[in-house]
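>>> next comes the sequence, and after it the predicted model I'd like to discuss.
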Amino acid sequence: MTLLIKENIPLAPLTTFNIGGPARYFTEVRSVEEIKEAITIARERKLPLIILAGGSNVLVPDEGLNALVISILLTDFKLVGNVLESEAGCNLLSMISETTRAGLGGWENLAGIPGTIGGAIRGNAGAFGTEIKDVAVKVGAFNIKTGKIKEFSNSESEFAYRNSFFKKNPDWFITKVAVGLHVVDYAKSARLIETTITEREKRHLQNIQAAGSYFMNPVAPKEVQEMFEREKGMKSRKDRVPAGWLIEKAGMKGAKVGGAIASLQHPNYLVNTGGATALDVRNLAEKIKQAVKKQYGIGLEEEAVIMRL
């Protein structure tokens, strides 16, 4: 089967930021075999190959991408006992809802995180004290340079805070995920999902043009951790404090550059208020980093992926 290759396709509508220029070439793939075909086409045309999954944690440059961009539509899944076997393109919330209906849970706190299950694995997505590494059993991946296919265990996936082997080694593209769950009470699990989503809605984190948390929560000096704990009445986690709290304390909550703003509800969400450019977002991010560094001596690192060739 020959892939349909399109030219000059706008990428902004394919991202939750709704920002960015076009892809010079674009195609959609629904299998590993089609990924291999896309790789061959990119090599023949001497173009970089860029993989776009759910588009939920990326910032596409304003000038677009002089590359072959492939959109991943691998969306099959099945339950085998207490294990969900899912292709990487499945929507994370849909998978959490599916397993809950089957009486299985353990990852309800991740409900409401935008994007695909593959993207969640790549960035070790987390919320409310749960990370996807807590339930990941194995990860299937394909090396886009060598063509090698490998199944990674949880330990081989090298999960860390908002990081994994796959994020550090982008030549390895995630194709499938196995998630180990446990039996839960359906009603309680469904209520937890509803509560999680409601909490995000209270913070106006649903249905906005943003990439989720833009910065990772940084490791902070002891005195900053103690300041956070006194002010918020809660313990810091693994010596980290919330980036959103630091942004607010540095006076950058509500800061604007062009059409981009540090959300008034959650300052670690940089929001496209309409018409923002990628440059607006990057300049706002730089202003925030400088303010936090100046006040606390802490360097913020992006969690969002800035797409570059």
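All right, it came through fine. Just so it is clear, the structure is predicted and the values come from calculations on it, not from any experiment. Numbering: from 1, shown residues only.

>>> can you check the pLDDT for residue 289?
Residue 289 carries a pLDDT value of 98.

>>> got the contact list for the residue positioned nearest the centre of the chain?
Residue closest to the mean C-alpha point of the chain, counted by C-alpha atoms, centre = their mean, is residue 57 at 4.2 Å. Going by C-beta atoms under 8 Å, 6 or more residues apart in numbering, residue 57 touches 16, 114, 115, 119, 123, 211, 212, 303, 304, 305. Every C-beta, even on glycine, is put in place using the N, C-alpha and C of the backbone.

>>> try it again at 7 Å.
115, 119, 123, 211, 212, 304, 305 (C-beta atoms under 7 Å, 6 or more residues apart in numbering).

>>> now swap in residue 196 and tell me
108, 109, 111, 112, 128.

>>> neighbours of the closest residue in space to it that isn't next to it in sequence, how many?
Closest residue in space to residue 196, ignoring its immediate chain neighbours: residue 111 at 4.5 Å, by C-beta to C-beta, 6 or more residues apart in numbering. Using other C-beta atoms under 10 Å, residue 111 has 23 neighbouring residues.

>>> ok, now how distant is residue 111 from residue 93?
Distance from residue 111 to residue 93, counting by C-beta to C-beta, to the nearest Å: 6 Å.

>>> can I see the domain layout of this protein?
For the chain, the structural domains run 6-72, 77-189, 204-306, going by automatic domain parsing.

>>> nearest to residue 197, of those?
Closest of these to residue 197 is domain 77-189, at 4.5 Å (criterion: C-beta to C-beta).

>>> any chance you could map the strands in the stretch 201-309 of the chain?
Secondary structure of the stretch 201-309 of the chain (DSSP state E, counting those that start in this stretch): strands at 256-257, 260-262, 270-272, 305-306.

>>> same list, these, but as TSV with mean neighbour count please.
As requested, the strands of the stretch 201-309 of the chain are exported to TSV (neighbours: other C-beta atoms under 10 Å):
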stretch	mean neighbour count
strand 256-257	17
strand 260-262	24
strand 270-272	26
strand 305-306	15
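
>>> tabulate those (a markdown table), appending distance to residue 142.
Formatted as a markdown table, the strands of the stretch 201-309 of the chain follow (distance: least, C-beta to C-beta, whole Å):
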| stretch | distance to residue 142 |
| --- | --- |
| strand 256-257 | 38 |
| strand 260-262 | 35 |
| strand 270-272 | 32 |
| strand 305-306 | 19 |
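
>>> in PDB, list the C-alpha atoms belonging to the longest helix seen in the chain.
The longest helix of the chain (DSSP state H) is helix 278-296. Extracted in PDB, the C-alpha atoms of helix 278-296 (Å, rounded to 0.1, in the frame of the first residue of the first chain):
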ATOM      1  CA  ALA A 278       5.500  30.300  18.600                       C
ATOM      2  CA  LEU A 279       7.900  33.200  19.000                       C
ATOM      3  CA  ASP A 280       5.500  34.800  21.500                       C
ATOM      4  CA  VAL A 281       5.500  31.600  23.500                       C
ATOM      5  CA  ARG A 282       9.200  31.200  23.500                       C
ATOM      6  CA  ASN A 283       9.800  34.800  24.400                       C
ATOM      7  CA  LEU A 284       7.300  34.600  27.300                       C
ATOM      8  CA  ALA A 285       9.000  31.400  28.500                       C
ATOM      9  CA  GLU A 286      12.400  33.100  28.400                       C
ATOM     10  CA  LYS A 287      11.100  36.000  30.500                       C
ATOM     11  CA  ILE A 288       9.600  33.600  33.000                       C
ATOM     12  CA  LYS A 289      12.900  31.700  33.200                       C
ATOM     13  CA  GLN A 290      14.900  34.800  33.800                       C
ATOM     14  CA  ALA A 291      12.500  36.100  36.500                       C
ATOM     15  CA  VAL A 292      12.600  32.800  38.400                       C
ATOM     16  CA  LYS A 293      16.400  32.500  38.100                       C
ATOM     17  CA  LYS A 294      16.800  36.100  39.300                       C
ATOM     18  CA  GLN A 295      14.600  35.700  42.400                       C
ATOM     19  CA  TYR A 296      15.400  32.100  43.400                       C
END
